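Chemist: please work out how this folds:
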Amino acid sequence: MKGDTTTYDVIVLGGGPAGLTAGIYASRARLSTLLVEKAYPGGQLMMCESIENYPGFSETSSGYDLSNAMRMQAEKFGMKTMMAEIDRMDLSGDIKVLHAASGEEIKAKTVILSLGARPRKLGVPGEAEFLGKGVSYCAVCDGAFFKGKKLAVIGGGDTAVEDSVFLTRYASEVSIIHRRDKFRAQRIIQERALSHPVINVHWNSIVKGIGGTDMVDHMVLENVLTRETIKVPVDGVFILIGLDPNTKMIRGQIELDEQGYIITDENMRTNIPGVFAAGDVRKKLLRQIVTACADGAIAATAAEKYIESKEFSNG
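Modeler: So this is what the prediction gives:
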């Protein structure tokens, strides 16, 4: 791809399920399509050892297998893939220009931003070491793997408290760990959690470490008022303290909400003509593989319609 002077119909920035699906739909529509990813395509999907909630999969599939199948499908229709770190983008003109860290410029008539969002980390010992071995950032994705187990949920917002109730479908016990003495979640969600016989709460507490041998078997908590530490036996730790959208490089160009997510309409259009967004980077209700794929399909179709509506010079 070095020295590529092509002006593509579509550049898809980000290779998670939203980006890969956009690549499938755009290339299948016979649009010249380039997917740009700084690492191997797959995004957060690559972290999932098993997937049970993707429609049509009665048996579990690994995130690697699913993302690899998506990539091969897109490439079969003609999508090209480029591994590059993008430093900045000029999106205001009819031809969009992406500037890679290597110095290359990549041009396209439309851009689909599938930049994703990363789970906010605790940054404590054991968190990274036990990822996929008891540490998870998605209750809906991984809850079913903990039937009859003792689980901990870290957080106090809507997602953490609501997902604690969800996890009672599987767990024998759910402990919510919250650094304050009251939740930030909506009152009705709090009521469901606080009245549930399987849920208990460690108020004014923070996680100091997560431990185990091959799998998680305990966590260490510290009371922020007394500084007392305790060791709590658990089989799984769900860290649900929020997401951080990967939108730093587009601040000032693309309209974002107060949390940094891209604002789009129902057709995935941003405030800049010819620029679309899909997947977890969007302001939306649900962030799952199936909704990311839907976003990608819509964004690619909207990009196709946009190109048809305009007259571009060749090159």
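Chemist: output the contacting helices and strands for the helix or strand containing residue 191.
Modeler: Element membership for residue 191 (DSSP states H and E) is helix 187-194. Packing partners of helix 187-194 (3 or more CB pairs under 8 Å, 6 or more residues apart in numbering; DSSP states H and E): helix 158-167, strand 199-202. (Each C-beta comes from the backbone N, C-alpha and C, glycine too.)
Chemist: alpha carbons of the helix or strand that the longest one is followed by, as PDB, please.
Modeler: If I follow you right, that is helix 158-167. Next along the chain after helix 158-167, taking DSSP H and E as the criterion, comes strand 173-177. Presented in PDB, the C-alpha positions along strand 173-177 are these (Å, rounded to 0.1, in the frame of the first residue of the first chain):
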ATOM      1  CA  GLU A 173     -23.800 -14.400  44.700                       C
ATOM      2  CA  VAL A 174     -23.100 -11.000  43.300                       C
ATOM      3  CA  SER A 175     -21.200  -8.400  45.200                       C
ATOM      4  CA  ILE A 176     -21.200  -4.800  43.900                       C
ATOM      5  CA  ILE A 177     -18.100  -2.800  44.800                       C
END
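Chemist: lowest-confidence stretch among the helices and strands packed on helix 187-194?
Modeler: With a mean of 92, helix 158-167 has the lowest mean pLDDT of the helices and strands packed on helix 187-194.
Chemist: buried residues of that helix, list them for me.
Modeler: For helix 158-167, the buried set under the neighbour-count rule, 16 or more other CB atoms under 10 Å, comprises 159, 160, 161, 162, 163, 164, 165, 166, 167.
Chemist: could you list every helix and strand that that helix packs against?
Modeler: Helix 158-167 sits against helix 139-142, strand 150-154, strand 173-177, helix 187-194, strand 236-239, with contacts defined as 3+ CB pairs under 8 Å, 6+ apart.
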